[in-house]
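Colleague: Build the 3D model from these lines:
(one chain, ligands or ions: 2)
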Amino acid sequence: MEFIKLLEPITIRRLTVPNRMVMPSMGMHFTDQYEFNRRYQDFYRARAEGGVGLMIIGPVAIDRIGAGSWMPGLFEDRQVEEFRPFLAELHRGTRTVPGTQLFHAGRNATAPFFEGVPALAPSAVPSRLMKQMPRAMTWEDIETVKESFARSAVRARDAGFDFIEIIACTGYLISQFLSPVTNFRTDDYGGSFENRMRFGLEVFRKVREAVGPDTALGTRVAGNDFMDGGCTNREIALFCAEAEKAGIDAINVTGGWHETNVPQLTCHVPPGAYVYLARGVKDRVGIPVFASNRLGDPELAERVLRSGAADMVCLGRPLLADPDLPRKILEGRPEEIVRCIACQNCFDSIATGGAVCCALNPLMGREGEFRLEKAAVPKKIYVAGGGPAGMEFAAAAAGRGHDVTLFEKEDRLGGQIEPASSPPGKQAFGSVTADLERRLKPAGVRVRRKSPLTMAKIRRGKPDVLVVATGAVPMEIRVPGIDRPHVVGAWDVLRGRIADIGRRVVVVGGNAVGCETAEWIASQDIPDPETFAFLAYHGAETQEELQAILYRHRRQITVIDMVEKMAAGTGRASRWVLMKNLRLCGIELRPGAKLLEITDGAVIVEANGGKESIPADTVVMAVGSRSVDGLAREVGREGLRVVTIGDAKSPRKIVDAIREGFEEAMKI
Ligand SMILES: Cc1cc2nc3c(=O)[nH]c(=O)nc-3n(C[C@H](O)[C@H](O)[C@H](O)COP(=O)(O)OP(=O)(O)OC[C@H]3O[C@@H](n4cnc5c(N)ncnc54)[C@H](O)[C@@H]3O)c2cc1C
Ligand SMILES: Cc1cc2nc3c(=O)[nH]c(=O)nc-3n(C[C@H](O)[C@H](O)[C@H](O)COP(=O)(O)O)c2cc1C
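Modeller: Ligands and ions are numbered 1, 2, ... in the order given. Got it, this is the predicted structure:
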């Protein structure tokens, strides 16, 4: 496909953006001091060099109460100087247009934790997200916040930003005013929709007045709050039409609020799912509209632009995974793009208090830390295992000039990525293998498939270094009945190796793999999305029946585990979706149930202080995995330099496998 629209320039007010790709604002958490530090600069420089058209740096705090110290700030004049030299450098060296997002989270701010004051909101409605009760804003507060937006906008302009976006989405302050779910005011700022729009529109007008006519202004809205009783796409589109009149030049349309129970970001969200929300807005405004969420596939992005649903496309996580995505399109090599799999590692890393990091791009957020230089002394390296760890190591080490041979015992590379990409919504994970494998040949790696690395081969080949990336295999447990023919492994189920799965299924092990396998089994009976769309399109079934068909399968599936928390190892950003899916599909979860025995037609468990029998035609074992590291121990005795990486070191995640592969390759 030719990327005609993606590469077309666009004018926003008086600003020319060289292409239609936008890097939206993403909180990277690289500071705890409101600083735009070196780490941010290295991160953004790499994306600008990668050729993105409009890069929205931020979010940036407009005051201390509406944010948290984990983002840069523009609430003091001195902060302008943190940005100015960097933006001047971007203007000199790249065609990327730098923008910023001015941020106020309202009741979802972390202010109380950092500043010791209550968060501000239109009304005192507790935040489910931050678990705090905000204070209802007085008219004086409203004036102060409007003033802070305006002052920060002027600072942003003076620092050299060409585009300023005001956040009005995701359940943050302006959207809290818009929504009847969070706005119970009885004054001019509450009640009718006209009143609820007032605060946002006053902010826009005040900012326009402050920055003057030359600066391009945008706002980011939730295309639909997806909150019971909240704003729908129709109201949001009306707000956008008013925003245009108030001096806004572009509208960035994302999905719903953080607090909604409709997934926004996980791999379960189909690519391009929320484009229709942008179109709803575009129908009501005459200014450029950006579509957002899961648009990293350039062919899809091009189709969206060609359809006229939006004028620009946001590439958030896709640019974390591959900063050079735009350049690869520009240079006609889109097949080299490292594709984001929406694994949510980026969000999970902040949920646990850290900075954002990307599972697929070990350099992300550490652009200034590593030099990809040739090794002083090239070494002969054998890599055992062609999973993500082994492939990342091999490509990175060969890229540094080492002589690398990769041995994989199976006929294909990828290791656990194959079963990992089976569960519903996770098909995109398959691209991890393809994207890593593609780098091997150009880097000069010799790949030996169907070739287990053995001691004999090592003795014959005499490498200087052995890298053990032999991954993990499913754990086995000994209980009476485990050898019965109806007991199967979860990985085999996910790999499609089990032809007959009975009607009554018990999955033993409620970790991520067990829960995802249960979901996969249920999904086998449910019509695929295309069939569902066909039925809906033709009105073949009633609305109610259609909904029921989506969840209805013929099996009785139970997941048992000794522990109390199911899918404990799944990151917070994805776990709730997995739990919701299990509930919707009627899968029974039995925490606190210990497997005692497997009989002909049941599993016997110890639960609630007694014994219980759960009927089972098929028993699926998902009791964890264990490292395969025998080679490392054997070779250790021969005095060879050995490096063990990925699951072979201890079973974990893709991010660990790829990081360790990359870091060890940088050290050797
Ligand atoms: C069902 C399932 C779902 C998962 N979901 C996720 C997820 O959502 N997110 C996430 O981050 N992680 C997930 N994981 C975990 C993730 O896939 C692993 O952490 C990752 O694949 C580990 O990479 P690795 O290269 O260390 O090992 P592996 O992927 O296990 O690869 C090891 C390779 O070594 C080969 N090998 C073994 N011995 C030899 C030998 N002697 N010689 C040559 N080759 C050998 C194996 O055949 C294999 O190809 C999931 C795993 C499974 C099974
Ligand atoms: C770690 C992270 C932080 C984010 N922070 C913000 C933010 O502060 N403001 C905002 O408007 N969107 C934020 N987003 C949402 C992204 O801008 C984008 O809309 C979302 O990731 C979906 O697009 P994508 O599928 O292209 O990544 C964030 C996303 C991520 C992954």
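Colleague: In three-state terms, label Q101 for me.
Modeller: strand (DSSP: H, G, I helix; E, B strand; the rest coil).
Colleague: Do you know the pLDDT at the closest residue to P452 other than its chain neighbours?
Modeller: With sequence-adjacent residues excluded and distances taken as C-beta to C-beta, 6 or more residues apart in numbering, P452 is closest to K409, at 3.7 Å. In short, each C-beta sits where N, CA and C put it, glycine included. If you check K409, the pLDDT there is 98.
Colleague: burial measure for K409, as a count.
Modeller: 16 (other C-beta atoms under 10 Å).
Colleague: Please look at it and S451 and confirm they touch.
Modeller: Yes - using C-beta atoms under 8 Å, K409 is in contact with S451, at 6.8 Å.
Colleague: ok so, going back, next up, the contacts around the residue nearest to P452.
Modeller: For K409, the contact set (C-beta atoms under 8 Å, 6 or more residues apart in numbering) comprises 450-453.
Colleague: With A241 instead?
Modeller: Contacts of A241 by C-beta under 8 Å, 6+ apart are 284-285.
Colleague: Specify the local secondary structure of it.
Modeller: helix.
Colleague: Past the helix or strand of the chain with the lowest mean pLDDT, which element shows up next along the chain?
Modeller: Here the helix or strand of the chain ranked lowest by mean pLDDT, DSSP states H and E is helix 111-115, holding a mean of 79. Next helix or strand after helix 111-115 toward the C-terminus (DSSP states H and E): strand 120-121.
Colleague: Looking at the protein, what residue ends up closest to ligand 2?
Modeller: At 2.9 Å from ligand 2, G316 is the closest residue in the chain, using C-beta to the nearest ligand atom.
Colleague: And the residue nearest to that residue when sequence neighbours are not counted, how close does it get to M312?
Modeller: What sits nearest to G316 in space, not counting adjacent residues and going by C-beta to C-beta, 6+ apart, is P24, at 4.9 Å. In this view, P24 and M312 are 10 Å apart by C-beta to C-beta, to the nearest Å.
Colleague: same thing with D249?
Modeller: Applying C-beta to C-beta, the value for D249 to M312 is 12 Å.
Colleague: more crowded one of these two?
Modeller: Neighbours were counted for D249 and for M312 using other C-beta under 10 Å; M312 has more, 27 against 21.
Colleague: phi, psi of the more buried one?
Modeller: When read as degrees, to the nearest 10, the backbone of M312 gives phi -140, psi 160.
Colleague: In three-state terms, label G200 for me.
Modeller: With three-state DSSP as the basis, G200 sits in helix.
Colleague: so what's F36 up against?
Modeller: 57, 72, 79, 82-83, 86.
Colleague: Quick check: neighbours shared by D249 and M312?
Modeller: Listed as contacting both D249 and M312 by C-beta under 8 Å, 6+ apart are P288.
Colleague: quick check, stretch 393-408 touching ligand 1?
Modeller: Yes - residues of stretch 393-408 contacting ligand 1 under C-beta under 6 Å from any ligand atom: 407-408.
Colleague: ok, which residues in the stretch 501-650 of the chain are in contact with ligand 1?
Modeller: Residues of the stretch 501-650 of the chain lying close to ligand 1 by C-beta under 6 Å from any ligand atom are 513, 628, 631, 646-648.
Colleague: so which of these are also by ligand 2?
Modeller: The overlap between those and the neighbours of ligand 2 (C-beta under 6 Å from any ligand atom) is empty.
Colleague: Which secondary structure state is assigned to T16?
Modeller: strand.
Colleague: quick one: the nearest residue to it once chain neighbours are set aside and G116, what's the gap?
Modeller: Of all residues beyond its chain neighbours, the one nearest T16 is P9 (5.6 Å), with distances taken as C-beta to C-beta, 6+ apart. Distance of P9 to G116, given as C-beta to C-beta: 48 Å.
Colleague: For these two, indicate the residue with more neighbours.
Modeller: Of the pair P9 and G116, P9 is the one with more neighbours under other C-beta under 10 Å, namely 11 against 7.
Colleague: The more buried one and A48, how far apart?
Modeller: P9 sits 16 Å away from A48, going by C-beta to C-beta.
Colleague: same thing with M391?
Modeller: 29 Å.
Colleague: between the two, which one's more packed in?
Modeller: Using other C-beta under 10 Å, the more surrounded residue of M391 and A48 is M391, with 33 against 23.
Colleague: Show me the domain layout of this structure.
Modeller: 10-351, 380-474+626-667, 487-623 (automatic domain parsing).
Colleague: Any chance you could list what contacts stretch 635-648?
Modeller: Here stretch 635-648 has contacts from 385, 387-390, 393, 415-416, 455, 458-459, 463-472, 625, 627-629, 632, 652, 656-657, 660-661, 664, 668, using C-beta under 8 Å, 6+ apart.
Colleague: for that stretch, how far is the first residue from the last?
Modeller: 14 Å (C-alpha to C-alpha, to the nearest Å).
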